[in-house]
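1. A structural model of the following input is requested.
(chains A and B)
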Amino acid sequence: NAGVMQNPRHLVRRRGQEARLRCSPMKGHSHVYWYRQLPEEGLKFMVYLQKENIIDESGMPKERFSAEFPKEGPSILRIQQVVRGDSAAYFCASSPLGAGRDLVFFGPGTRLTVL
Amino acid sequence: AQSVAQPEDQVNVAEGNPLTVKCTYSVSGNPYLFWYVQYPNRGLQFLLKYITGDNLVKGSYGFEAEFNKSQTSFHLKKPSALVSDSALYFCAVRDGNNAGNMLTFGGGTRLMVKP
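-> Model (predicted):
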C-alpha cells in the first residue's frame, strides 16, 4: 500500500506564474489536508477536503490560493500569481473515513521556490 | 481555538542519555495529542498518539509520551537517545469533540544527539 504521494517534489516558479501541487492520498483514504511549512517554522493548516467537498478552508489565504479534491484523480493545491513569500514546503496528509481517521499520514511534501 | 507550545527550539543530549522534548497544549474540548518526527527534506512520520486511556503512551522507535491533564502537557521521552534520533519533532493537538480532523502543530523542536 503506497503512502501519500505528492508531486512534484520540487517546484520552481517565477513571480507571477501559477503553481499546481498534486496529492494522491493513501488507498482507501477519503480525507485530505494541506499544510504549509515556512522555513524554520511549524506546519500551518490550510485546508481540509473530502471528495468533491471543501470541509474547512479557514487556513487558506483569501486570494490566489484554491484547492480541490475531485471525484476522480488527485487533490490539487493551486497558487496563482505566486510571490516570493509563497516559497515553502507544502505537505499533504490523508486519513481514512471512520474510527481510523484520528491517524493522519503525511506525504513527502512539495518544496516550492519562487524566484 | 486550539494551540500547541514547544518551548525549546533545540534540545541537545549525549547519546545514551535520556531525552525529553516538551509540549504543552490548549484546547477547548477533548484533547487528542500526537507526536511526529521530520527528517531533513522528508515528510512527517507518526510517532505516537494519545486519545484516551493510559496516560503513558508508547510509540515507535522506543519513544513514549506522558499525558498530564492538570499541566496540559504531553512531553516526549526516550530512556536512551541514539544519534539517529536527531531530527525535528512536532507536537500536535486536535479537539476530539470536533468532527473535523484539523491538527494544530507546535513550532517544532530540533533534537541533536551527540555521540
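2. so what's residue B:72 up against?
-> Residue B:72 is in contact with B:24-26, B:31, counting by Cβ atoms under 8 Å, 6 or more residues apart in numbering or on different chains. Where C-beta positions appear, they are placed from N, C-alpha and C, glycine not excepted.
3. So residue A:67 sits against residue A:34, correct?
-> Yes - with contact defined as Cβ atoms under 8 Å, residue A:67 reaches residue A:34; the gap is 6.0 Å.
4. Contact residues of chain A facing chain B?
-> A:4, A:31, A:33, A:35, A:41-45, A:48, A:55-56, A:91, A:93, A:95, A:101-109, A:111 (Cβ under 8 Å from any Cβ of the partner chain).
5. Give me the three-state assignment for residue B:61.
-> For residue B:61, the secondary structure call by DSSP: H, G, I helix; E, B strand; the rest coil comes out as helix.
6. where's it relative to residue B:19, distance?
-> According to Cβ to Cβ, to the nearest Å, residue B:61 and residue B:19 sit 12 Å apart.
7. Which one's more surrounded, these two?
-> Just comparing residue B:61 and residue B:19: by other Cβ atoms under 10 Å in any protein chain shown the higher neighbour count belongs to residue B:19, 20 against 12.
8. Next up, the contacts around the residue nearest to residue B:6 when sequence neighbours are not counted.
-> Using Cβ to Cβ, 6 or more residues apart in numbering or on different chains and skipping residues adjacent in sequence, the residue nearest residue B:6 is residue B:106, 3.8 Å away. Contact criterion Cβ under 8 Å, 6+ apart gives A:42, B:4-6, B:23, B:90-92 as the residues in contact with residue B:106.
9. out of these, which is most surrounded?
-> Compared across those, residue B:91 has the highest neighbour count, 29 neighbours, by other Cβ under 10 Å.
10. what is the rounded mean pLDDT of the host helix or strand of that residue?
-> Here residue B:91, judged by DSSP states H and E, is contained in strand B:87-95. In this model, strand B:87-95 has an average pLDDT of 92.
11. before we move on, what about stretch A:36-53?
-> Averaged over stretch A:36-53, pLDDT sits at 89.
12. and what of stretch B:58-68?
-> For stretch B:58-68, the mean pLDDT works out to 95.
13. Could you see whether chain A lies near that stretch?
-> No - using Cβ under 8 Å from any Cβ, stretch B:58-68 never reaches chain A; the gap is at least 12.1 Å.
14. May I see the buried residues of that stretch?
-> Buried residues in stretch B:58-68, counted by 16 or more other Cβ atoms under 10 Å in any protein chain shown: B:59, B:63-67.
15. Pick out whichever of those sits closest to chain A.
-> The shortest approach to chain A among the buried residues of stretch B:58-68 belongs to residue B:59, at 12.1 Å (Cβ to the nearest Cβ).
16. what sits against the closest one?
-> Taking Cβ under 8 Å, 6+ apart as the contact definition, residue B:59 lies against B:35, B:47-49, B:65.
17. from those, which is closest to residue A:75?
-> Proximity of the contacts of residue B:59 to residue A:75, judged by Cβ to Cβ, is greatest for residue B:49, which lies at 23.6 Å.
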